[in-house]
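# take a look and give me a structure for this.
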Amino acid sequence: MWLNKKAVIYSATRFGSRTVSTVFKFYYVKIFLDKYHMSQVWFQTSQLIFAVWNALNDPWFGYLQDTAQDSWYAVRRKCILYGAVPWVISFLIPWFPWADYTGGAHAFICFLQGLAALCLFDTFYTFCLLAHCALMTEYGEGDEERLNMVKYMGISGILGCSSVFVTDYFSDGLHNYGVFQFICIVLAVISALAFFITGKYAHTQYDKAADSTGLPEGSYWSLTKDIFRNKNFLTFVSMSFMQEFHITYVMSFAKIFTEQMIPEEEMSNSVRAVLLGALMVLAQVSRH
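Next comes the predicted model:
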């Protein structure tokens, strides 16, 4: 059979994650600055808080998942299965305004919406994908099978990144915002289904969870205190902070930079959609 069933099941999560995360990172700056007219002060404040939170939650969640033994979140596929719906819901937060932001009105509510969108999306992104990365060693049997998973993930990641082209082309460069919102809902459903495939069918020998929801030793608070005092943790957080800053600057401002450098009268929206979509896809191809 030319399709590897286990590799397809495993790589479904990569497709789902790339489908929504690429659109989220590509558009949220454009939406909040140009459509909702968030002030620079509130925008920079939300970015700072998010950058700190993003740097902290990666190693924190990873440690919690690795040390849990008698909990559902010790099972990698269940983290993916249960985290899928909250993640795609958080993906939809930026695209539907909580108030009328015309003329800079309701600035604080706009700030709260932006901060909630960033932090919630990244929280569930981290929670699901940490489990997905660790699942490979448990789900794949042998180097050849894991190599197939890597190949399928590369293909699924490229397909997922094409979501930027789809949204930009059919929404006419965000000029038809209702279509953009509809496409985002469709992408969220597709992503959730992809997560469901991995979370439901990627069974492993470690697929056991007791009814207990506690950690093996100590409380959440004492364990968290120990983690935040760890020098390796602080070093990783610093590196992660700078990496996220770089990714945000390059990816999230790409549409704004392109529109400033190449006016609409010089390039049609359809051609621009192809260009922007190609940027996302080629970035994914270069990784492989």
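# poorly predicted segments of the stretch 101-250 of the chain, please.
The model of the stretch 101-250 of the chain has pLDDT under 70 over residues 208-229, 233-234, 236-250.
# show me where it has helices.
Under the criterion DSSP state H, counting those that start in this stretch, the stretch 101-250 of the chain contains helices at 107-139, 143-161, 163-170, 177-201, 220-229, 231-247.
# of all the ones you listed, which one comes closest to Ala51?
Proximity to Ala51 (C-beta to C-beta) singles out helix 231-247 among those, at 5.7 Å. Bear in mind the C-beta positions are built from the backbone N, C-alpha and C, glycine included.
# how about the helices of the stretch 101-250 of the chain in TSV, adding distance to Tyr27 and mean neighbour count?
Formatted as TSV, the helices of the stretch 101-250 of the chain follow (distance: least, C-beta to C-beta, whole Å; neighbours: other C-beta atoms under 10 Å):
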stretch	distance to Tyr27	mean neighbour count
helix 107-139	11	20
helix 143-161	14	18
helix 163-170	7	21
helix 177-201	8	18
helix 220-229	33	12
helix 231-247	15	13
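# for Val41, give its distance to Glu141.
Distance from Val41 to Glu141, counting by C-beta to C-beta, to the nearest Å: 53 Å.
# for Gln65, find the nearest of the helices of the stretch 101-250 of the chain.
Closest among the helices of the stretch 101-250 of the chain, using C-beta to C-beta: helix 107-139, at 6.1 Å.
# from the chain's centroid, how far away is the closest one?
6 Å (C-alpha atoms, centre = their mean, to the nearest Å).
# do stretch 124-142 as well
Remark: stretch 124-142 is offset 15 Å from the chain centroid, using C-alpha atoms, centre = their mean.
# stretch 15-30 now?
Relative to its chain's centre, stretch 15-30 lies at 7 Å (C-alpha atoms, centre = their mean).
# middle-most residue in this protein, spatially?
Ser21 (3.9 Å; C-alpha atoms, centre = their mean).
# ok, back up a step: let's have the helices of the stretch 101-250 of the chain in TSV, adding distance to Ser71.
Formatted as TSV, the helices of the stretch 101-250 of the chain follow (distance: least, C-beta to C-beta, whole Å):
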stretch	distance to Ser71
helix 107-139	12
helix 143-161	26
helix 163-170	33
helix 177-201	16
helix 220-229	11
helix 231-247	21
